[in-house]
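A.B. asks: what follows is a predicted structure for the sequence shown.
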There are 2 protein chains.
Amino acid sequence: MDVRTLCLGILALGDASGYEIKKMVAEGSFSFFSEASYGSIYPALTRLTEEGLVTCREEAQDKRPDKKVYSLTPAGRAALRDTLRKDPGPDRHRSEFLAALLFAEAVSPERVRDLIDERVAQHEKKIAELKGLLEEDVSAVSRFVIEYGIATQEAALHYLKRHRDRLLGELGHTIEAAE
Amino acid sequence: MDVRTLCLGILALGDASGYEIKKMVAEGSFSFFSEASYGSIYPALTRLTEEGLVTCREEAQDKRPDKKVYSLTPAGRAALRDTLRKDPGPDRHRSEFLAALLFAEAVSPERVRDLIDERVAQHEKKIAELKGLLEEDVSAVSRFVIEYGIATQEAALHYLKRHRDRLLGELGHTIEAAE
DNA sequence: ACAGATAGTATCGACTTGATATATCTTATG
DNA sequence: CATAAGATATATCAAGTCGATACTATCTGT
């Protein structure tokens, strides 16, 4: 899913400016499974406009900078439908936490405990955030997506809580054995 | 976690060539939370060598192309430790599946069912893969990381199975109401 | 015999990130 | 009341990254 398609999809849900698209991927129901920066959104919108998949109208605002509001054209909707017909690629999950855990063993085993404890707090925060989204966002599919996120976050959290001590015990033996 | 640190961390677990590093991130215990292409690994190794964080020796092999085997230097180990002292950034999760679900509602609600059913199969495959890894890989932290992955994948799978029909029911009403 | 996978290094264009610039308005805080 | 901080808005740039491809040689399956 490139930023191009992401923009097309968001515009299929309603008109928006580049700034608003950025906000949606950073804070809205998109926030936990996609990301995009201005540096990719603005060029994407420019190209989509050139290709006739979206149109742009400038809206003057009171006491605020002008907005460029983009709308999906019929051609854009068709292009999106074509893309969605294809099977979505596999999820891509990058976790500095898990990498740090694996590497910490090699350079500083004591760090493992702190890493896990910080992570527990992060999961709890994320779950609270997602539950907050549930109260605003009412579309059935949005709710499904957010609850899917909550389910996985909670599973991760419970796994950490249940297995933390076992892991630290096993590492304890390793550390002692190495000394 | 940039590819630079990823290489440093993998080399902390043992010497490796660029090709082997790529294989680890694509297939090993790293596979489900990190990715890196040759186009980022080779330049990273070159730069790390220039900076004295790794060393490189060429190994001639019988009936195979020569290898460039990289090893972590003490300076490299120190650099890795410094990086790991910092808090890991939040996970980044990109899911074409979840995006497609949200967008499908807008352009082709019938697609939602197929998307979910394909996804169930994908999760089952992924879980089997991870369980396969468990049998080879024995390090305590590796096992922890892989089981963490299994726990989240299973939670996602069960969520989909439990809520699929409810969602399709809700969409059914939407579709009927729109027609 | 021949296709395709495996082992290996390497590069390139296109895309993406993260930081930064610019400018104005609103909201806290001392 | 001043002033810092943050929101609203567009835009660019260097540096990093992906995915495809190139090249060569061997091993494996049909």
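C.D. replies: In hand now; what should we look at?

A.B. asks: quick check: residues of chain A near DNA strand D?
C.D. replies: Residues of chain A lying close to DNA strand D by Cβ under 7 Å from any atom of the strand are A:17-20, A:22-23, A:37-39, A:42-43, A:46, A:61, A:64-69. In short, each C-beta sits where N, CA and C put it, glycine included.

A.B. asks: try 10 Å this time
C.D. replies: Residues of chain A found near DNA strand D (Cβ under 10 Å from any atom of the strand) are A:2, A:16-23, A:27, A:37-43, A:45-46, A:49, A:56, A:58-59, A:61-70, A:89-90, A:92, A:94.

A.B. asks: separate out the buried members of the residues you listed.
C.D. replies: Among the residues of chain A next to DNA strand D, the ones that count as buried by 16 or more other Cβ atoms under 10 Å in any protein chain shown are A:16-18, A:21-22, A:40-42, A:45, A:49, A:67-70, A:92, A:94.

A.B. asks: if we can go back for a sec, among the residues of chain A next to DNA strand D, which ones lie close to DNA strand C?
C.D. replies: Among those, the ones lying near DNA strand C by Cβ under 10 Å from any atom of the strand are A:2, A:22, A:37-43, A:61-65, A:94.

A.B. asks: widest-spaced pair of the residues you listed?
C.D. replies: Comparing all pairs in these by Cβ to Cβ, the longest separation belongs to A:62 and A:94, at 41.8 Å.

A.B. asks: and the gap between the residue nearest to residue A:133 when sequence neighbours are not counted and residue A:160?
C.D. replies: Nearest residue to residue A:133, sequence neighbours excluded (Cβ to Cβ, 6 or more residues apart in numbering or on different chains): residue A:146, at 5.4 Å. Remark: distance between residue A:146 and residue A:160 (Cβ to Cβ, to the nearest Å) = 21 Å.

A.B. asks: neighbour count winner among those two?
C.D. replies: The neighbour comparison of residue A:146 against residue A:160 (other Cβ atoms under 10 Å in any protein chain shown) goes to residue A:146, with 23 against 18.

A.B. asks: and residue A:116, how far from residue B:44?
C.D. replies: In terms of Cβ to Cβ, residue A:116 sits 28 Å off from residue B:44.

A.B. asks: same thing with residue A:124?
C.D. replies: Distance, residue A:124 to residue B:44, using Cβ to Cβ: 34 Å.

A.B. asks: dump stretch A:133-144 to CSV, keeping only the CA atoms.
C.D. replies: Extracted in CSV, the C-alpha atoms of stretch A:133-144 (Å, rounded to 0.1, in the frame of the first residue of the first chain):
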residue,chain,number,x,y,z
LEU,A,133,-11.1,6.0,19.2
LEU,A,134,-13.9,3.5,19.6
GLU,A,135,-16.1,6.1,21.3
GLU,A,136,-15.7,8.7,18.5
ASP,A,137,-15.6,6.5,15.4
VAL,A,138,-18.9,4.7,14.6
SER,A,139,-18.5,3.1,11.2
ALA,A,140,-19.0,-0.6,11.5
VAL,A,141,-15.7,-1.4,9.6
SER,A,142,-13.8,1.2,11.6
ARG,A,143,-15.0,-0.4,14.8
PHE,A,144,-14.0,-3.8,13.5
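
A.B. asks: many thanks, I have nothing further to ask.
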